[in-house]
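> Here is the input, now give the coordinates:
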Amino acid sequence: MHIAYFDDSRDERGSALAIIGTVVIPDEKFHFLETAVGLTVEQFIPEEKWEEFEEFHAADLYGGHGVFENIDEGLRKQAIRDLLNLVGAMHLPFIYSAVNRRELELSAFGSSDPVDLAFRMCAKAIENIYATLVKRKAFVCLSSTIQRTLN
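A predicted model of the protein is given here:
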């Protein structure tokens with residue numbers, strides 16, 4: 001089995017793009033990655049905020065929001081570099097999809113949710129890529145906004 005972890009860019013600053021990024025993790029690497037990410041993130045969260053931490057969002061780390069508020073920007077960027085290096089060192093594929101919100105609004109699909117559309121395009125890309133590589137194995141898709149299982 002493979003686990004596809006999705007995270008979206010959110011729309012806190014009125015971004016022109018809705019972006020979904022996905023790391024595809026073989027189940028035999030999941031526990032190690034989860035532990036490594038937890039240790040990396042934990043070292044930047046003050047102990048008094050540990051109970052507030054529910055799930056990791058790269059946007060919070062990047063922007064200094066939530067439990068990462070008041071943490072030095074240089075330290076936060078180093079944590080992001082460490083996490084990206086971990087994904088690369090483990091040879092985990094990263095797949096993303098971006099939707100231009102303004103262009104979507106002007107299209108025939110203008111009433112569509114741009115985050116949902118980005119998720120669907122990303123999920124379809126994963127399905128297409130892995131259909132030829134991994135036959136008859138299940139995927140579990142984890143997302144803070146959308147949860148689905150692909151077969």
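> Low-confidence regions, the protein specifically.
Applying pLDDT under 70 to the chain picks out residues 10-13, 132-151.
> just checking, what's the longest strand in it?
Under DSSP state E, the strand in the chain containing the largest number of residues is strand 17-26.
> So what touches that one?
Strand 17-26 is touched from outside by 1-9, 11, 33, 58, 87, 92-101, 114-115, 117-119, 121-123, 126, 130, 143, with contacts defined as Cβ atoms under 8 Å, 6 or more residues apart in numbering. C-betas here are computed from N, CA, C, even on glycine.
> for stretch 97-110, same thing?
The set of residues external to stretch 97-110 that reach it, using Cβ under 8 Å, 6+ apart, is 15-20, 112, 114-115, 117-119, 121-122, 125.
> Recalculate using a threshold of 7 Å.
Contacts of stretch 97-110 from elsewhere in the structure, counted by Cβ atoms under 7 Å, 6 or more residues apart in numbering, are Ala16, Leu17, Ala18, Ile19, Ile20, Ser112, Pro114, Leu117, Ala118, Met121, Cys122, Ala125.
> and which of those residues is nearest Glu73?
Relative to Glu73, the closest of the contacts of stretch 97-110 is Ile19; by Cβ to Cβ it sits at 21.0 Å.
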